[in-house]
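*Asks:* Sequence first, predicted model second:
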Amino acid sequence: MTMTLIRFLPDFAPEFLQALGVNLTVAAHAMSVGLPLGVVLGVAQLPGRDSMNTGPGRSLGLSVATWTRRFCAGAAGLVTALLRAAPAFVVMYVLLHAMPTQWGIGPEASVALALAFYAAAYVADTLQPAILDWRIGGTAGVQLFLTGLVRCFFVMVLSSGFGAAVGVVEATAVTLRALEQLPTTADRLGLMGCVVLVFIALRQVVNAGMAALRRWIPARPPRPPSPPRPMH
């Protein structure tokens, strides 16, 4: 670490930490939109508990209910597939430049909504096995779902860096601007190393949060299998 970089860091650090707060805020907004949307899509695709109950006198009602459930599941699956396939970078530009101006979607909001699409698809995909595992008395699926949410949030913190392309002053934009001010390659590499260390520390905090989530979920005894239904 050169003296130039040492003198540069006190001015860079506050601006970088403030910009990192923008990354965290954008990811939090994306999760606040994507999580409830993903829960709705995931629940809609769950198989019904009474799918095997087709006793006499209920066939017509169950047929209507089954048809409705399958239609909702198909629609939710289609929406999830579209959200999963939508490129976040392209969605950001569409939201920013193609939406009516009266909607007031600014750069940060467009990044958050683009990442919310990813979060919703992720939640919908991972919620189903968690609920199915919980129904039979397991907790492993729920643990994976909750820790996956933490990982998803961390991924969105890193991915929100593409907001620099539309003028969002976040950690990537501040770092790139700072790199242009340093005179030597050694200084630039040193600054990049400092930034990487910050994100490593952030990842360690995420890992600690995931470990706490695993300890928080109590173990459940496995549910005994249901007795066979009598034949009529």
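*Replies:* In hand now; what should we look at?
*Asks:* Could you give the number of residues near residue 13?
*Replies:* Neighbour count for residue 13, taken as other C-beta atoms under 10 Å: 12. C-beta coordinates here come from the backbone N, C-alpha and C atoms, glycine included.
*Asks:* The top helix by length along the chain - what's its average pLDDT?
*Replies:* Once the chain is assigned using DSSP state H, the helix that runs over the most residues is helix 3-44. Summarised as a single mean, pLDDT over helix 3-44 is 91.
*Asks:* in the helix or strand just after it, what counts as buried?
*Replies:* As assigned by DSSP states H and E, the chain's next helix or strand after helix 3-44 is helix 59-85. Neighbour counts over helix 59-85 (16 or more other C-beta atoms under 10 Å) mark 62, 69, 73, 76, 79-80, 83 as buried.
*Asks:* and which of the residues you listed is nearest to residue 8?
*Replies:* Nearest to residue 8 out of the buried residues of helix 59-85 is residue 83 (C-beta to C-beta; 41.7 Å).
*Asks:* Nearest residue to that closest one in space, please, no chain neighbours.
*Replies:* residue 121 (4.1 Å; C-beta to C-beta, 6 or more residues apart in numbering).
*Asks:* and the one you found, how many neighbours?
*Replies:* 23.
*Asks:* Might you report the residue contacts of it?
*Replies:* Listed by C-beta atoms under 8 Å, 6 or more residues apart in numbering, the contact partners of residue 121 are 38, 41, 80, 83-84.
*Asks:* Give me the angle between the strand or helix carrying it and helix 59-85.
*Replies:* Following DSSP H and E, one finds residue 121 within helix 107-135. Helix 107-135 runs at 140 degrees relative to helix 59-85, counting by axes from the mean of the first three to the mean of the last three C-alpha atoms, to 10 degrees.
*Asks:* now the helix or strand immediately after helix 107-135 in the chain, how far from the chain's geometric center?
*Replies:* The first helix or strand that comes after helix 107-135 along the chain, using DSSP H and E, is helix 140-159. On the basis of C-alpha atoms, centre = their mean, to the nearest Å, helix 140-159 sits 7 Å off its chain's mean C-alpha point.
*Asks:* could you say what helices and strands the next helix or strand after helix 140-159 packs with?
*Replies:* Downstream of helix 140-159, the first helix or strand assigned by DSSP H and E is helix 171-181. Identification of packing neighbours for helix 171-181 by 3 or more C-beta pairs under 8 Å, 6 or more residues apart in numbering; DSSP states H and E yields helix 3-44, helix 185-216.
*Asks:* one more time with 10 Å, if that's ok
*Replies:* Counting by 3 or more C-beta pairs under 10 Å, 6 or more residues apart in numbering; DSSP states H and E, the packing neighbours recorded for helix 171-181 are helix 3-44, helix 140-159, helix 185-216.
*Asks:* looking at the chain, which helix or strand does the model trust least?
*Replies:* helix 59-85 (a mean of 81; mean pLDDT, DSSP states H and E).
*Asks:* how many degrees apart are that helix and helix 3-44 in direction?
*Replies:* Relative orientation of helix 59-85 versus helix 3-44 (the same axes, to 10 degrees): 160 degrees.
*Asks:* so residue 129 touches residue 144, yeah?
*Replies:* Yes - if you go by C-beta atoms under 10 Å, residue 129 and residue 144 touch, sitting 7.8 Å apart.
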